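Engineer: generate a structure from the sequence data that follows.
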Amino acid sequence: MAPLTFHWFLPTSGDSHQMVGGGHGAPATASGRDRPPTVAYLSRIARAAEELGFTGALTPTGVLCEDAWLTTAMVSRHTERLRFLVAFRPGFLSPTLAAQTAASYQRLTGGRLALNIVTGGESAEQRAYGDFLGKDDRYARTGEFLTVVRRLWEGETVDLAGEHLTVEGARLALPPEPRPEIYFGGSSPAAVRVAARHADVYLTWGEPPAAVAGKITRVRELARSEGRVVRFGIRLHVISRDTAEQAWAAANTLLDGIDDATVAAAQAGLARSESEGQRRMVALHGGRRDRLEIHPHLWAGVGLVRGGAGTAMVGSHTEVADLVEEYHALGIDEFVLSGYPHLEEVHRVGEGVLPEMARRGLWSHPWAERDGSPAAAPEATGGEPVPVPVPR
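Structural biologist: Model (predicted):
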């Protein structure tokens with residue numbers, strides 16, 4: 001099996017000791033204002049992730065977030081090696097301009113860009129941006145978009161007369177080096193077909209291992225029919241502590257911080273979602289608080305108020321590592337993680353879970369390897385992270 005890669009998350013809609021809700025039709029919660037997503041605060045998270053051995057940081061897209069391109073470009077000035085998985089919606093920009101923008105970003109950051117392609121699962125939000133295509137047509141357009149972008153990055157001159165996009169004589173004066181990797185998620189048949197043709201890494205939200213295994217099989221078979229090999233990643237929250245009791249207490253504290261009215265409003269919005277992945281997330285808990293552990297150490301409580309990735313690995317550092325290893329055995333090599341608040345939780349995971357993965361021979365600190373120095377995985381220190389002042 002391939003070694004593990006870990007990424008963190010930049011909370012560009014705000015951060016909190018409470019769950020920050022919103023997205024995919026769910027309304028934003030006030031908790032997102034507890035720690036505004038300033039460049040100073042996001043840079044502290046990014047620097048901590050980099051030092052602890054996370055390879056990259058996912059930055060979301062949507063009406064509730066700061067712009068991913070601008071934010072990560074500014075944060076990149078405060079880091080040295082961390083890659084940025086920039087969530088990006090095709091269709092709002094010409095593929096030639098998008099390919100050029102990505103190439104410039106890649107050169108100016110020293111090769112630290114990856115693109116997380118978000119086709120868009122909510123027609124209401126797409127219409128707010130001026131996009132009136134239906135869901136399947138959006139995926140068809142994404143396929144055409146990625147065909148153009150990938151060929152441009154390879155230095156080709158591209159002519160395409162597609163159903164949704166047309167370019168003539170498109171080329172880049174300076175293709176990117178290295179080519180940015182493409183991360184792509186989606187559970188519908190249309191999404192999986194596009195992933196098989198274009199994704200370097202197929203991302204799934206954190207469903208139970210049996211469901212994830214089914215997705216991996218489906219994407220792998222379709223990719224094989226295209227003559228391609230796709231890697232696999234998973235998007236999960238984490239509540240990792242020195243003991244399982246501490247972790248579950250923290251999960252219950254998050255749950256106690258949301259009232260029934262907030263849950264009901266979020267679930268009403270999420271029920272209108274067109275996203276197949278979102279439907280699968282909601283089905284894990286059904287809007288109920290009383291059966292949230294859906295697999296040992298996999299908790300669906302985040303999805304009560306948050307659209308998108310709605311599950312968390314909960315337990316001691318060793319128990320979380322066990323679940324990581326269970327997913328890895330299925331074929332998951334990349335983990336995109338987050339936790340509330342993101343500044344404190346990155347230390348808990350980086351000082352507790354990552355050293356455990358290193359002891360099992362499944363992970364090593366990426367920067368230590370590149371420097372040719374001995375592995376420098378941080379040692380677990382025990383206890384809670386030292387409180388840090390937060391810019392206001």
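Engineer: what's the burial count for Phe335?
Structural biologist: 25 (other Cβ atoms under 10 Å). Glycine gets a C-beta too; all of them are placed from N, C-alpha and C.
Engineer: so it is in which element?
Structural biologist: Element membership for Phe335, per DSSP states H and E: strand 334-338.
Engineer: so what strands line up beside that strand?
Structural biologist: strand 5-9 (parallel), strand 231-241 (parallel) (DSSP bridges).
Engineer: how far off centre is it?
Structural biologist: 7 Å (Cα atoms, centre = their mean, to the nearest Å).
Engineer: okay, that strand in CSV with CA atoms only?
Structural biologist: Output of strand 334-338 as CSV, limited to C-alpha atoms (Å, rounded to 0.1, in the frame of the first residue of the first chain):
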residue,chain,number,x,y,z
GLU,A,334,-5.0,10.7,1.4
PHE,A,335,-6.9,12.1,4.4
VAL,A,336,-8.3,15.7,4.3
LEU,A,337,-9.0,16.4,8.0
SER,A,338,-10.5,19.2,10.1
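Engineer: next helix or strand past it?
Structural biologist: Following strand 334-338 toward the C-terminus (DSSP H and E): helix 342-348.
Engineer: which residues touch Arg138?
Structural biologist: Residues near Arg138 by Cβ atoms under 8 Å, 6 or more residues apart in numbering: 91, 119-120, 126, 131.
Engineer: repeat the analysis, applying 10 Å as the threshold.
Structural biologist: By Cβ atoms under 10 Å, 6 or more residues apart in numbering, the residues touching Arg138 are 89-91, 119-121, 123, 126, 131, 164, 190-191, 274.
Engineer: how about stretch 223-236 as CSV, C-alpha atoms only?
Structural biologist: Only the C-alpha atoms of stretch 223-236 are listed here, as CSV (Å, rounded to 0.1, in the frame of the first residue of the first chain):
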residue,chain,number,x,y,z
ALA,A,223,-10.9,4.6,-14.5
ARG,A,224,-9.5,1.3,-15.6
SER,A,225,-11.9,1.3,-18.6
GLU,A,226,-10.4,4.8,-19.4
GLY,A,227,-6.9,3.4,-19.2
ARG,A,228,-6.2,5.4,-16.1
VAL,A,229,-5.3,4.8,-12.4
VAL,A,230,-6.9,7.1,-9.8
ARG,A,231,-5.8,7.5,-6.2
PHE,A,232,-8.3,7.9,-3.4
GLY,A,233,-8.8,10.3,-0.5
ILE,A,234,-11.4,10.9,2.2
ARG,A,235,-12.7,14.1,3.8
LEU,A,236,-13.3,13.8,7.6
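Engineer: got the buried residues for it?
Structural biologist: Residues of stretch 223-236 classed as buried: 223, 230-236 (neighbour count, 16 or more other Cβ atoms under 10 Å).
Engineer: repeat that for stretch 204-223.
Structural biologist: In terms of neighbour count (16+ other Cβ under 10 Å), stretch 204-223 has its buried residues at 204-209, 211-213, 215-216, 218-220, 222-223.
Engineer: please narrow these to those residing in strands.
Structural biologist: Among those, DSSP state E puts 204-205 in strands.
Engineer: of the buried residues of stretch 204-223, closest to Asp136?
Structural biologist: Leu222 (16.4 Å; Cβ to Cβ).
Engineer: pretty sure that closest one is touching Arg193, no?
Structural biologist: Yes. The pair Leu222 and Arg193 qualifies as a contact (Cβ atoms under 10 Å) at a distance of 6.5 Å.
Engineer: helices along the stretch 51-200 of the chain, start to end?
Structural biologist: Under the criterion DSSP state H, counting those that start in this stretch, helices of the stretch 51-200 of the chain are mapped to 68-76, 95-108, 123-128, 135-153, 189-198.
Engineer: Ser43 is nearest to which of those helices?
Structural biologist: Ser43 lies closest to helix 68-76 among the helices of the stretch 51-200 of the chain, at 5.1 Å (Cβ to Cβ).
Engineer: and the closest one, which residues are buried?
Structural biologist: So for helix 68-76, counting by 16+ other Cβ under 10 Å, buried means 68-69, 71-73, 75-76.
Engineer: for it, packing partners?
Structural biologist: helix 39-52, strand 56-59, strand 83-88, helix 95-108, strand 113-117 (3 or more Cβ pairs under 10 Å, 6 or more residues apart in numbering; DSSP states H and E).
Engineer: so of the buried residues of stretch 204-223, which ones are in helices?
Structural biologist: With DSSP state H as the criterion, helices contain 209, 211-213, 215-216, 218-220, 222-223 from among the buried residues of stretch 204-223.
Engineer: okay if I get the residues you listed as a markdown table plus distance to Gly143?
Structural biologist: Below are those laid out as a markdown table (distance: Cβ to Cβ, whole Å):
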| residue | distance to Gly143 |
| --- | --- |
| Pro209 | 29 |
| Ala211 | 25 |
| Val212 | 24 |
| Ala213 | 26 |
| Lys215 | 19 |
| Ile216 | 21 |
| Arg218 | 17 |
| Val219 | 15 |
| Arg220 | 19 |
| Leu222 | 13 |
| Ala223 | 14 |
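Engineer: for His297, state which of these is nearest.
Structural biologist: Pro209 (11.0 Å).
Engineer: which SS state does the closest residue to that closest one other than its chain neighbours fall under?
Structural biologist: Leaving out its chain neighbours, the residue that sits closest to Pro209 by Cβ to Cβ, 6 or more residues apart in numbering is Glu326, at 5.5 Å. Under DSSP: H, G, I helix; E, B strand; the rest coil, the three-state class of Glu326 is helix.
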